[in-house]
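>>> turn this into a structure:
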Amino acid sequence: MFFTLPDFSDISLRDYQETMQRPFFSLSKRKRTKPIEYVSPDKSVSVHVSPNPTYGMATIWDADIMIYLASHLNELRERGLNDLSPVIRLQPGDLLKRICWGTSGRAYERLVSALDRLQATTIKTNIRASTKSRETTFSWIDSYTHLVDERTQRSLGMEITLSKWFFDGVMDKRNVLAISPLYFEITSGLGKWLYRASRKHAGGNGPEGFVIGFETLHQKSGSESAYPVFKRKLLDLAKANELPDISLEVINPDNSKPKMRMVMRRHMAERVRSGRATPLPSSPARTKADQQEMIDPRQAMKLIAHAAGGLRSAAADPRKVRETPISYARARDILDADIYEAIRSDFPGWDYDELMRRFDAFLGANPHELPRNYSKRFHGFVKEHNRRNKFKLRP
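The predicted structure follows:
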C-alpha cells in the first residue's frame, strides 16, 4: 500500500526530535567513510552510524528530505488521515522546491545522490528500542524507485519507502517538533546541526534557555573537525547569531571550557516586552507607534470578527475604516501568540500590520480563499512575501 503526498503550500515544518541532538549525520559535504560512534556520558544512549564505501554517509543536507517527509506525514495525521503508510509517492519537483534545492537538472542529480546515501547508511541505536531488544539497526529509507510510464516513458514521480524506525517515530506526535521554514536556508553543516540541537534543547526552557558546554556539543555533533576548529566555528556562529528562532550566547568565551546558552527568540521578545511594559516618563510628542497602542471601538469589532473565524460583514464600508486614526488592527492582537512570535523571529524587519492589511484585502476580494486557520495562512503569506522581497529590506 502507498499514498501520494499532496502539495501543501502552507505546511508547518516538523522534525523528528530523536535525531535532532544526536550525531546521526555527517556535517560535511565531503564523502565521509569514518563511522560515528557515540555513547552518552551516562551510558544510556548509543548511536553507531556506518557509511557505505561507495556512497559515504548521509549528510545533514540529506536530512532535509527526511524533514520534508516527516512534515507531510505529521500534517496528514493531524488532518485525520489514518491509512498512512511508510511507502510514499511524490513529485521530485515539489520536494526540491520546498527544501530550497532548486529544480535544475543538477538539483535532481543531487536528490538521487542524497537518496542513495540515505538508503546505504546504516544506523544502530538503542533509542526507542523495545524491551525485547537492546538495539535497532536500520537505514533512513528502505528503498526508492523512479516511476516511469512504460508506454510514454513519462516520469510519474518517485516512490520512497521509509524505515520502520523513522516512520513509527514520526507517527507519534510526541516525537515531532516544529521548526522554522528558514531552516532550509542555513548553509553551514554545523549551523544546521546546531539549529536542530538548539531547537530540541531550548524549546521548552523559557527565557532562561539551555546551557551546554562546547565539549559536549562537539561530542554530540559527531563532527570530524578537531575540537579547536569546532570551537572556533561555534564562536563564529554565536557571534553572527543568525540562526532562525534561536538566540545564541557564549558564556565565558575566554575560558578553556566555554559554554553556549541557547534561547528561543520568542522568549527574548517576551523579556523585551515586559521591560517595555514598565511605566516610562512621558515623551514630548506621541509617535504613531504610541497611538497604535490604543484601539478604537471599530477596531475592537474587527478583532472580534477575526476571533470568530476571520470573517467580516459584506456590508462593511472600507471608507469608514480609512477614516479612523488607525487603518488596521495590530497583528500582535489578532494572530495566535505562537504564530505571531514565529513570524517576528523568522521574518524580521517587515511591517506586519501593513502586510495584514494587504492580506485582508486579498481575502476580501477572494472570499473562496477564506482559510481554515487565519494565523497559519497569514504566516504562509508573510513567508512568500519575504521570499520575494527579502533583498529589499534595509540592513
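>>> got the residue ranges for the strands in the stretch 151-300 of the chain?
Along the stretch 151-300 of the chain, the segments classed as strands by DSSP state E, counting those that start in this stretch run 155-162, 176-178, 210-213, 246-251, 259-264.
>>> turn the ones you listed into a markdown table, columns for distance to Pro53 and mean neighbour count.
No exception for glycine: its C-beta is placed from N, CA and C like everyone else's. Putting these into a markdown table (distance: least, Cβ to Cβ, whole Å; neighbours: other Cβ atoms under 10 Å) gives the following:
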| stretch | distance to Pro53 | mean neighbour count |
| --- | --- | --- |
| strand 155-162 | 23 | 18 |
| strand 176-178 | 33 | 18 |
| strand 210-213 | 34 | 16 |
| strand 246-251 | 36 | 19 |
| strand 259-264 | 35 | 22 |
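>>> export those strands to TSV and append columns for distance to Val49.
Putting those into TSV (distance: least, Cβ to Cβ, whole Å) gives the following:
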stretch	distance to Val49
strand 155-162	17
strand 176-178	21
strand 210-213	21
strand 246-251	25
strand 259-264	24
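>>> so which of the ones you listed is nearest Ala58?
For Ala58, the closest of the strands of the stretch 151-300 of the chain is strand 155-162, at 13.5 Å, according to Cβ to Cβ.
>>> thinking again about what came up before, so which of the strands of the stretch 151-300 of the chain is nearest Asp336?
Nearest to Asp336, of the strands of the stretch 151-300 of the chain and by Cβ to Cβ, is strand 176-178 at 12.6 Å.
>>> mind listing the strands the closest one pairs with, and their directions?
Strand pairing for strand 176-178, determined by DSSP bridges: strand 14-16 (antiparallel).
>>> I'd guessed Ser188 sits against Leu237; true?
Yes: applying Cβ atoms under 8 Å as the test, Ser188 and Leu237 come out as touching, 7.3 Å apart.
>>> ok so, going back, indicate which one of the strands of the stretch 151-300 of the chain is closest to Val47.
Smallest distance to Val47 across the strands of the stretch 151-300 of the chain (Cβ to Cβ): 17.5 Å, for strand 210-213.
>>> and Ala307, what pLDDT?
pLDDT, Ala307: 45.
>>> Arg22: neighbour count?
Neighbourhood size, Arg22 [other Cβ atoms under 10 Å]: 24.
>>> now for it: which residues touch it?
Neighbouring residues of Arg22 by Cβ atoms under 8 Å, 6 or more residues apart in numbering: Tyr38, Val45, Val47, Thr125, Ile127, Lys220.
>>> of those, keep whichever come out buried.
Among the contacts of Arg22, those buried by neighbour count (16 or more other Cβ atoms under 10 Å) are Tyr38, Val47, Thr125, Ile127, Lys220.
>>> is the first one in contact with Gln21, as I believe?
So that's Tyr38. No: using Cβ under 8 Å, Tyr38 is not in contact with Gln21; the gap is 10.7 Å.
>>> what do the two both touch?
Lys220.
>>> what sits against Arg199?
Each residue near Arg199 by Cβ under 8 Å, 6+ apart is listed here: Asp15, Met20, Leu177, Ile179, Asp245, Ile246.
>>> what is the nearest of these to Arg332?
After measuring the contacts of Arg199 against Arg332 - Cβ to Cβ - the closest member comes out as Asp245, at 18.0 Å.
>>> okay, the nearest residue in space to Arg98 that is not next to it in sequence and Lys231: tell me how far apart.
Nearest non-adjacent residue to Arg98, counting by Cβ to Cβ, 6 or more residues apart in numbering: Tyr68, 5.7 Å away. Separation of Tyr68 from Lys231 (Cβ to Cβ, to the nearest Å): 32 Å.
>>> how about Ile60?
19 Å.
>>> and these two? Which one has more around it.
Ile60 (23 against 19).
>>> what sits against the more buried one?
Applying Cβ under 8 Å, 6+ apart, the residues contacting Ile60 are Phe25, Ser26, Leu27, Gly189, Lys192, Trp193.
>>> next, it: phi, psi?
Dihedral pair for Ile60: phi -60, psi -20, per degrees, to the nearest 10.
>>> quick check: pLDDT value at it.
pLDDT, Ile60: 98.
>>> among the contacts of Arg22, which ones are in strands?
Judged by DSSP state E, strands contain the following of the contacts of Arg22: Tyr38, Val47, Thr125.
>>> can you tell me which of those lies nearest to Gly213?
For these, the closest approach to Gly213 (Cβ to Cβ) belongs to Tyr38, at 15.8 Å.
>>> in the stretch 101-250 of the chain, which spans are helices?
105-120, 164-171, 189-202, 214-221, 227-240 (DSSP state H, counting those that start in this stretch).
>>> distance to Tyr374 and mean pLDDT for those helices - can I get that in JSON lines?
Formatted as JSON lines, the helices of the stretch 101-250 of the chain follow (distance: least, Cβ to Cβ, whole Å; pLDDT from 0 to 100):
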{"stretch": "helix 105-120", "distance to Tyr374": "34", "mean pLDDT": "95"}
{"stretch": "helix 164-171", "distance to Tyr374": "27", "mean pLDDT": "94"}
{"stretch": "helix 189-202", "distance to Tyr374": "25", "mean pLDDT": "95"}
{"stretch": "helix 214-221", "distance to Tyr374": "39", "mean pLDDT": "96"}
{"stretch": "helix 227-240", "distance to Tyr374": "34", "mean pLDDT": "95"}
